[in-house]
Every structure is written in C-alpha cells, then in structure tokens.
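Chemist: return a 3D structure for these sequence lines:
(chains A and B)
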Protein chains: 2
Amino acid sequence: MAKDKKMVEAITSMDEDFAQWYTDVVKKAELCDYSSVKGCMVIKPAGYAIWENIQQELDRRFKATGVQNVYMPMFIPEGLLQKEKDHVEGFAPEAAWVTHGGQEKLQERMCVRPTSETLFCDFYAKDIHSYRDLPRVYNQWCSVVRWEKTTRPFLRSREFLWQEGHTAHATAQDAEDRTIQMLNVYADFCEEVLAIPVIRGQKTDKEKFAGAEATYTIEALMHDGQALQSGTSHNFGDGFARAFGIQFADKDNVLKYVHQTSWGLSTRIIGALIMVHGDDNGLVLPPKIAPTQVIVIPIQQQKEGVLEKAAELKDRLSNFRVKVDDTDKSPGWKFSECEMRGIPLRVEIGPKDMEKEQAVLVRRDTHEKKIVALADLEKEVESLLETIQGDMLERARTHRDTHTSTAVTWEELVETVNTRAGFIKAMWCGDRACEDKIKEETGATSRCMPFAQEHLADTCVCCGRPAKKMVYWGRAY
Amino acid sequence: MAKDKKMVEAITSMDEDFAQWYTDVVKKAELCDYSSVKGCMVIKPAGYAIWENIQQELDRRFKATGVQNVYMPMFIPEGLLQKEKDHVEGFAPEAAWVTHGGQEKLQERMCVRPTSETLFCDFYAKDIHSYRDLPRVYNQWCSVVRWEKTTRPFLRSREFLWQEGHTAHATAQDAEDRTIQMLNVYADFCEEVLAIPVIRGQKTDKEKFAGAEATYTIEALMHDGQALQSGTSHNFGDGFARAFGIQFADKDNVLKYVHQTSWGLSTRIIGALIMVHGDDNGLVLPPKIAPTQVIVIPIQQQKEGVLEKAAELKDRLSNFRVKVDDTDKSPGWKFSECEMRGIPLRVEIGPKDMEKEQAVLVRRDTHEKKIVALADLEKEVESLLETIQGDMLERARTHRDTHTSTAVTWEELVETVNTRAGFIKAMWCGDRACEDKIKEETGATSRCMPFAQEHLADTCVCCGRPAKKMVYWGRAY
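Modeler: Numbers count the residues shown, from 1 in each chain, chains lettered A, B, ... in the order given. I've put the predicted structure just below:
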C-alpha cells in the first residue's frame, strides 16, 4: 500500500500551492512535457488524445454551421504582416523570424504565423470577386508561434495548437451575426462537452484583438479563482478589407468592401479543463471529452476466470471508450493511476463480485461507489456517465457563482480583490484611465462586458462618474 | 451549351501536355492555389476535404496497430539537427532558419522541422528508461518545410502536410517488423481506399533516407508513365539511438540501445490521386475518398415538384456523402462542374423520370448511364459506388501492368526508356556506379528493389557482371 500511495503523494495539494499542483498534474497525468526548444512543449499521448476529441467535436459543430476547412502557409512575409497597422503593432513584437531558406538569405524575412488574418486577407483579395462568392467561411487547424517570455504548459507556450476561423461577408450585419454565432458555438461546446460554464461578453477596447472593431470572449473561472479567456471571436468590420483591398461586386453592381471575422480556440483550453475540474488526486475529465471513459480493473486477477470476466465486461461496454487494466500492478496502484489520469468511471470486478453477479462502479469526480448487477451493467454505466457529466457542470457553475462578488465602491473593489478570489462584477464609466487604474492598483483586469448586463449602481466603481457598462473583473491567466 | 462547354474547354488535354493538364485540374477543381509565399500553397476546401478523408482513414488504420498521436515542437535547434551525421547532411541544405525570436537574436538558430527524427530522439532519450517503456509507437500530423528550388502543387512544395510516425523498440527484429508493417498499412490504404496499386519494395542505398539503415517504399505509376514515391518507411537500426543516447534497461538488466523506425505519407499523395485517375474532363475520385460521393442534379428544376424530389432523393441517400445542386446554373454546366470535381456518381432527376418513377445514374469514371427504378435507388447507388471503386483500381492496375517493361541488355534498357513510358524491370549488380550511369544516360532512377523479386537474367543490365537484385527503374516525380 505504501507503494500504491507514492504516485498520489507526489502531487502538491491545490490549497498549498495551486501553481505547483497544476504543474504536477500536467506531468503525472502525462499530458505534456518540456522540450529542448525553450518555451515549446511536447504534447504526449494522454494530452493529445484530449485535443483530438476537442477537435472532433468542435469541427463537427463548425461544419454544421457551414464552415469549410483549408490550409494556409505557415509563413508571413514581413510586408504582408505590415499591411494592417494595428495588427502589426500587436503581433510583430513577439514574432519568430525566418531569415534564411536553404543556403540563401531571404530577400524579405518572413515570420512564422502568430495568427493568419493577413494570409487569409491576401488570399481573399485574389479569390473574392462577386456577391456570389460570399460568404466565405473558412477555418484551419494548425500551430502558431508567439515568442512569449514566460511560458507554462498549455496556458502560454511559444508554439501552440489551435483553430482559426476567418470569414468574409457582404454586409456588416452578416459579419456581426457570424462573430456572435461562433462565440456561441464555443460557449455551448465548453458547457455541453467540457462541463465548463462560461461568461459570454465583449472585450473592452483595451483588451480587444489587434485590428478588430469588436472582440467577444468566453471567460471561465478556474478553481483558484483566477479567470481564463477560453475562446475569442472578432469582428473586423471592413478594416482589413480596406488595408488589403478585398472588394466584391454586389447585386447592385457597386464595388464594396467585405466585412470580416475571425475566431479561435486553442490547446489553452486543456489548461482550463485541468484547473476547473482537477483535484488533489489528479485530473478529472468530463465523460464527453475523456479519451478513456471507463476503465475495468480486475481484483485478485490471478484467481481463475477474473481476467476473462474483465475482458468480457470490456467487450460489453464497447459502446463507450473503454479499457481494461490487466497489467501486473496492484489494484491500489491501478486505482491511483486511473484517478491521476482522470478516467470518469472505474469498474471493479473480482471473484466475490463474480459470485454475486455484480460489479463495483466508482465515480472519479465524487469517489462514490455503487454496486450494480452485472445484468444492468451497460445501462448503469451509461446513466452514471451522464450523471457525472451533468454534476461536473453544476459543481463548476456553483463554484463560479460562489466565487463571483459585487463591488459598488472603490473600497469594496480593492477589498474584494484582496480577500475573495474570483470574478468581481462592478460598474464602469467606459474610460480607459479607470481600467488602467484598476489593473495597476488591484491586479484585476477587465475580463468582459457580459451580454447579460446588470444594473448594480449608477456610477463607475473607480471614478464615480456615470456608469456605462457592468464589467466582470478578475485576475487572469 | 456553348457556355456549358467553356469550363471543360479550359483544360489542356492530357495527351497534349500532361504537366499543363495537371496544373489545370488542380486549379479548375479548386484543390489548391498559389500563395504570396513563394513555393507554398493554399489548400482550398475541395483539396483539404480530400486530405481530411485521407487523415481519418489512415489514422484509424494506424490506431488499430497501436499507434498513439503526439505533437512535437516545430523548431529544431541547430545543435540537435547536427547530432546524426548523415541526417544533417541530408536535410540542413534545404532548411528554413529562424534567427530571431521577438526582438532578440537567438543564441542558437533553429530550423523549421523538415522531419522530426531529431526531436523524437531527444524526447525518447529522456523518456525511455526500461524495457517496460517499449515499444513506443508515436505519430504526429503536422506540416514540414523543405526549401525546394522548383515546386509544383502537392508534388513538391516548400511546406507540406504529412504524418510522421516515430517508433522505438527493444530489438532489431521488432523495429524491422514495424517498418514493414507500416509500409503495408500504406500500401493497403492506397489500394483499398485510393484505388492506387503500388509496388512494395526497398530503396537502394543511394535512394534511402538520410540516416536510415533501410528505406522501404511504395511506388505508384502515374497516367503519363512516370513513377511517384507515395510513402516510405525507414528502419534506423540503433544509429540514431547511439547518436542521441537512447538506452533502456532490458529484462536481463543490461543497458541497451533502442532500435527505431520512422514512416511518412504526405499531401503528395493527392498529386498521385489526380495523376492516376484523372481524365480530360478533370478529377476522378474513388468513392471511398471522395468528399462528395453522390450529387443529385435536378433537370428542368423550374417544373413543379422537381426540386422537392431532388431534395427527397438526397435525404434518402444520407448514408452516403451526398449533395444536391439546386443552384440556377444549367444542367449542362452542373454536369461539367461535378465532372471537373471528380464526384463519382451523379443522379439526374427530372419530370419525365418522376413520371416513370426512375432516375438516371451516371458514373464519373466511365460516363456510363444507368436508368434505375426509384424504389431501388439506395441499393443501386451502393452497388454502383462499389463497382466504381473496384473498376478504378483494376483500370489503374491494368495501366500499370501494360506500362511495365522488361530489359535484359543495356540496349534494351536505353531503347525502352526512350520509347515506352512506365516502369522497367531490369537486373542490377548492386553497384552504385551502375545506378549512377543508368540515371545519367537515361534519366531513369531506381524506384525500388521489389519484395516480389523475379529472375529476368543472370547479369546486371548495365555492366554485365553477376546480378544481385531485380530493380524497378523509371522516370519519377
């Protein structure tokens, strides 16, 4: 038993040191590892399998709205990056530059894409001619590079995987509709599949994307009370179209600029999965995204018929993503291991269970045990997985709600930031100076102006002038 | 009708200029386009959808053999690339180099991965300790960069998409078995899904991968009689393991080097799909890989009930990847368009057909028409798609076989290369000098030493000394 506990003991407790707990889980659950390329990570099979499930589910939802996948080059010539002024200012400082190809120095250096607006615009400028060519609703799955100074697995790395959608529309309204539509795809996906409740809202001008007219965001709350921006959707208006000359002949035969959007969700969301659901035993994965949903663990497997029975149960559960652990490790070790990896449901089967024609089901999220008749196994597993999925969302929602405070005065705001982890709702005048002051003096940033506005007070929490918007504030990853 | 023909007339005939025909198909079928980044391409929705189907089917076959997907960084520090002598000589000359990250010059420049052996080795060296850690059977889907001087869509571009598998094993035999196993996965996939028959064999030392002990290949024959290397699988022995220090404690407690393999298949295969099956009307896709397998085209769609009927047929065919073309283009134009895009089967439905409770099915590959009773639609479509898939493979095989010659003497070899497009089987002494001479004087390269050896003669076709192997020779892409 001492050996069995070793794996678990190696994890720092969340309450003791959340950052260290996070690093421990990432490592012990074998999600990713550091590489020899500073700031870049190796995504290991257990981590990549989660990303594959995210891709599959999101891609299905994208395509249901008419999205088509494409692939653009990974390089952006410097001149192309510079075409939109705000955009280049936002991204050039953290670009990685290719200066030599083969034996030769390039005439113009190229950066590795930090995001691909400029490439899509360059393509659309040649490819869109008429209103019949619109809308264009393209997406690509790829990796991007941003030369960050400090990095953390999944949350901030110099290279990360994501999808980036880039669309072009005939009217401003169409672009706005698509921007909101994709934000809702992200939000629904997070809630329905990842069991992560999110706040949907708009970023302030200070926090919006470089080159965007409006940026919308979904914001999730981690277990330690810090926020994580989990997906963004941008409306560019016709700004990029003017910079790149993307025009189309409309039905009225007038040449017009297209209106564009872009939207992205990255491997960062795996960081959210870990920090929203994990506990001191490791990762806890919602059934809908878990690479392995059910693990069958034989007890006293050297006894006659036990391994065969475990294999039989695995076969019966083949509608689920199921594995059997028939290695020669002890049951206790196997329990710790599948808890660390976050497998939602464990099925224990031993000689006594076989005698009684039963199995023991253990939930990863609550550790609750349930003894079920073998005859009911498939039904019980299906129902328990559904329950776990629902309960995880509810628990995350409750945590989020009990870690959301309200501040009306400056003193309340400062005290709340300092004493209560979580979101703080407060009114704002709309002035950048107040936003800057709040960040400087409390460390909290504006997360978003939620779509669901509330009227908490008449005045800005910072300056006392008339308030324009309710804002979610918080410290963030 | 003149307008309907325009689209087709814009394609050069294969016999007139095969290279131009290829470029025309790529462009007219909207598979890919040139980008502002010289030598890099934009893969458009019709092209990317083919790649997605290839990925899905190959990935399924990989996983059935125990492959796990991972993701490694896209950058390789120069020092890491240099660790294996042959490997760096093979790849450094065409690497793209990153010298600056953000505002700073990097202390050590990094290349964008041309292939990831060095990254996997670096990771395995830290991650493999014991025989219990073996085998490691990892794969990644990603893009790679090779700074080629002359490029062609899909066939040779500076950036391309692929998968690269990298495995580590306890014994030389395990590595050899995996190398052959993955070559067979590629070959079976090409034949069963892409309807492309391939020759399975081993590369000569001259043609093998930089750093490999043995390279195995599948070679396909294009319509113009040129060969295309369509997938390769390499056995590294313990060469990389020694260079990178990848050791494990074996069951006998002795520290040993692992034995490694790698294997890759790229978007190049889309070039093969085009050049094996295409015709003067455009692309011809095998049903199993076609993004759209069946297209329903309403005839006289302004007549009452026709569009509704077309929609109904589409619904009935929802087990297939089916679309209906209800745009206001003329039927003739729609026919040309779906032929250009290579859709395997077209279903025509008009008022007369409705009266007779029938539909007209037209095969893309043979243009054969078949009138079927509406009651039998699903069954007929299923059976025709199967027939098309089988016929396409058989036609490609017949073409390959009728374009495979034999040469016993030097004169025969020279004459055959000059007069008959296709593979040439000839005996070889195993000497590099003969291989070089054949290439210099005929332009044909050794494609492979096939697993299925034949004894054509006792002596080398070039030097007349005793022959060791039968080799497939040919001009190649």
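Chemist: show the subsequent helix or strand relative to the host helix or strand of A:Thr261.
Modeler: In this assignment (DSSP states H and E), A:Thr261 forms part of strand A:259-266. Downstream of strand A:259-266, the next assigned helix or strand under DSSP H and E is helix A:268-277.
Chemist: distance from that next one to the middle of the chain?
Modeler: Relative to the mean C-alpha coordinate of its chain, helix A:268-277 is positioned 7 Å out (Cα atoms, centre = their mean, to the nearest Å).
Chemist: mind checking if that helix is in reach of chain B?
Modeler: No: using Cβ under 8 Å from any Cβ of the partner chain, we find that helix A:268-277 stays clear of chain B, coming within 11.7 Å at best. Bear in mind the C-beta positions are built from the backbone N, C-alpha and C, glycine included.
Chemist: who does that helix touch, helix- and strand-wise?
Modeler: If you count contacts as 3 or more Cβ pairs under 8 Å, 6 or more residues apart in numbering or on different chains; DSSP states H and E, helix A:268-277 packs onto helix A:18-28, helix A:45-64, strand A:214-221, strand A:227-237, helix A:377-402.
Chemist: which outside residues touch stretch A:60-68?
Modeler: For stretch A:60-68, the external contacting residues (Cβ atoms under 8 Å, 6 or more residues apart in numbering or on different chains) are A:137-139, A:163, A:165, A:181-182, A:185, A:188-189, B:45, B:48-49.
Chemist: distance to B:Phe18 for those - can I get that in TSV?
Modeler: Below are those laid out as TSV (distance: Cβ to Cβ, whole Å):
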residue	distance to B:Phe18
A:Val137	35
A:Tyr138	31
A:Asn139	34
A:Gln163	37
A:Gly165	38
A:Gln181	45
A:Met182	43
A:Val185	44
A:Asp188	49
A:Phe189	46
B:Pro45	26
B:Tyr48	25
B:Ala49	25
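Chemist: so which of those residues is the most crowded?
Modeler: Neighbour tally across the contacts of stretch A:60-68 (other Cβ atoms under 10 Å in any protein chain shown): the maximum, 28 neighbours, falls on A:Met182.
Chemist: the residue lying closest to that residue once chain neighbours are set aside: neighbouring residues, count only.
Modeler: In space, and not counting its chain neighbours, A:Met182 is closest to A:Trp263: 4.2 Å by Cβ to Cβ, 6 or more residues apart in numbering or on different chains. For A:Trp263, the neighbour count with other Cβ under 10 Å is 26.
Chemist: any idea how far B:Leu80 is from A:Trp263?
Modeler: Distance of A:Trp263 to B:Leu80, computed by Cβ to Cβ, to the nearest Å: 35 Å.
Chemist: follow-up on the earlier one: the strand holding A:Thr261 pairs with which strands?
Modeler: Looking at strand A:259-266 with DSSP bridges, its partner strands are strand A:159-169 (antiparallel), strand A:227-237 (antiparallel).
Chemist: the first one versus helix A:268-277: what angle between them?
Modeler: What that stands for is strand A:159-169. On the basis of axes from the mean of the first three to the mean of the last three Cα atoms, to 10 degrees, strand A:159-169 is oriented at 110 degrees to helix A:268-277.
Chemist: just want the most central residue of chain A.
Modeler: A:Ile269 (2.0 Å; Cα atoms, centre = their mean).
Chemist: pretty sure that residue is touching A:Gly231, no?
Modeler: Yes: under the criterion of Cβ atoms under 8 Å, A:Ile269 makes contact with A:Gly231 at 7.3 Å.
Chemist: common neighbours of those two, please.
Modeler: Common neighbours of A:Ile269 and A:Gly231 (Cβ under 8 Å, 6+ apart) are A:Cys190.
Chemist: before we move on, the earlier item: could I get the strands paired with strand A:259-266 as TSV with distance to A:Ile11 and mean pLDDT?
Modeler: TSV is the format used below for the strands paired with strand A:259-266 (distance: least, Cβ to Cβ, whole Å; pLDDT from 0 to 100):
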stretch	distance to A:Ile11	mean pLDDT
strand A:159-169	25	98
strand A:227-237	21	98
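Chemist: about what we covered before: contacts only, for the residue nearest to A:Met182.
Modeler: With Cβ under 8 Å, 6+ apart, A:Trp263 has these contacts: A:Glu164, A:Gly165, A:Thr179, A:Met182, A:Leu183, A:Tyr186, A:Gly231, A:Thr232, A:Ser233, A:His234.
Chemist: ok, the second one to chain B distance?
Modeler: Translated: A:Gly165. To chain B, A:Gly165 is 13 Å away according to Cβ to the nearest Cβ, to the nearest Å.
Chemist: excluding chain neighbours, what is closest to that residue?
Modeler: Going by Cβ to Cβ, 6+ apart, A:Gly165 has A:Asn139 as its nearest residue, at 4.2 Å.
Chemist: quick check: bridge partners of that neighbour?
Modeler: On the basis of DSSP bridges, A:Asn139 is bridged to A:Asn69, A:Gly165.
Chemist: what do you get for A:Arg156?
Modeler: For A:Arg156, the beta-bridge partners are A:Arg152 (DSSP bridges).
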